[in-house]
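sequence first, predicted coordinates after that:
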Amino acid sequence: MEAEVTLREFTEADAEALFAWASDPRVVRFQRRDAYTRVDEARRYIVDSVLPHPWYRAICVAGADRPVGSISVKPADDDPRGGRGSCRASLGYRVAHAHWGRGVATRAVRTAAEVAFAEWPWLERLEAVADVGNPASQRVLEKAGFAREGVLRRYVLLKGTPRDMVMFSRVRHERKPAEAHGPSDDV
C-alpha cells in the first residue's frame, strides 16, 4: 500500500530537513551533486535554487509537515525565441532513504504530474529520466503512469562520468495510472 503524501512549497526553515537526506550518499548517488556536508549548503540551495524555481515542492508524509524529499517540475527552455514555445517539462525527485520502499516517491510523482497538467494548460508532455543503474527509480516512474521510451546513451554527466539514462514520459489525457497494490520498489 502506498503512503499518503502531501506536496507543499519549501521555506528556508526546511534547510535541516533537506540536509538530512541531501547529506546521505545513498540518496545522492544518482544525482549530479555530491552529498552535503553542512546544513548551510542546504539553506543556500533553498534560497538560491528552490525558492526562485517555477515549481519545486517538499514531499511530506501524512501526519507530518517535515519534508522527507523533494520534487520539481521545470518547463523546457528550448524555444529559440525565448517565449513559451515548448509544450513539455521535466520532473525530478529524491526521497530520504528511511522512506524508500513505502510508495512515497510513487505517490509524489503521480501527484506532481496531475498538478502540473492542471496548473499549466500549455503542458502536453512531462518527461523524467532515471539512471540505467537505478531500477527502483525506473519502477517509481512506471507505477506513476509514465511510459518508458528508451535509453539515452551518455546523456548526463554524473559527478564527472557520462551516464546512460532511461527516458520516461507522461502525456496529457493519458489514462490515469492504477493505484499500486503490494510492496513498492520506491526510492
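Thanks, I have it. Numbering: from 1, shown residues only.

now the phi/psi pair for Arg8, please.
Main-chain torsions, Arg8, degrees, to the nearest 10: phi -140, psi 160.

can you give me the buried ones in stretch 16-31?
Using 16 or more other Cβ atoms under 10 Å as the test for burial, stretch 16-31 gives Ala17, Leu18, Phe19, Ala20, Trp21, Ala22, Ser23, Asp24, Val27, Val28, Phe30. Every residue, glycine included, has its C-beta placed from N, CA and C.

what lies in contact with that stretch?
By Cβ atoms under 8 Å, 6 or more residues apart in numbering, the list of residues contacting stretch 16-31 from outside reads 10, 33-39, 41-42, 45-46, 58, 66-70, 94-97, 130-131, 133-134, 137, 158.

filter the buried residues of stretch 16-31 down to the ones in helices?
Within these, residues falling in helices by DSSP state H are Ala17, Leu18, Phe19, Ala20, Trp21, Ala22, Val27, Val28.

coming back round to it: tabulate the buried residues of stretch 16-31 (a markdown table), appending distance to Pro54 and pLDDT.
What follows is the buried residues of stretch 16-31, written out as a markdown table (distance: Cβ to Cβ, whole Å; pLDDT from 0 to 100):
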| residue | distance to Pro54 | pLDDT |
| --- | --- | --- |
| Ala17 | 22 | 97 |
| Leu18 | 19 | 97 |
| Phe19 | 24 | 97 |
| Ala20 | 25 | 96 |
| Trp21 | 22 | 95 |
| Ala22 | 21 | 96 |
| Ser23 | 26 | 97 |
| Asp24 | 27 | 97 |
| Val27 | 23 | 96 |
| Val28 | 23 | 95 |
| Phe30 | 23 | 94 |
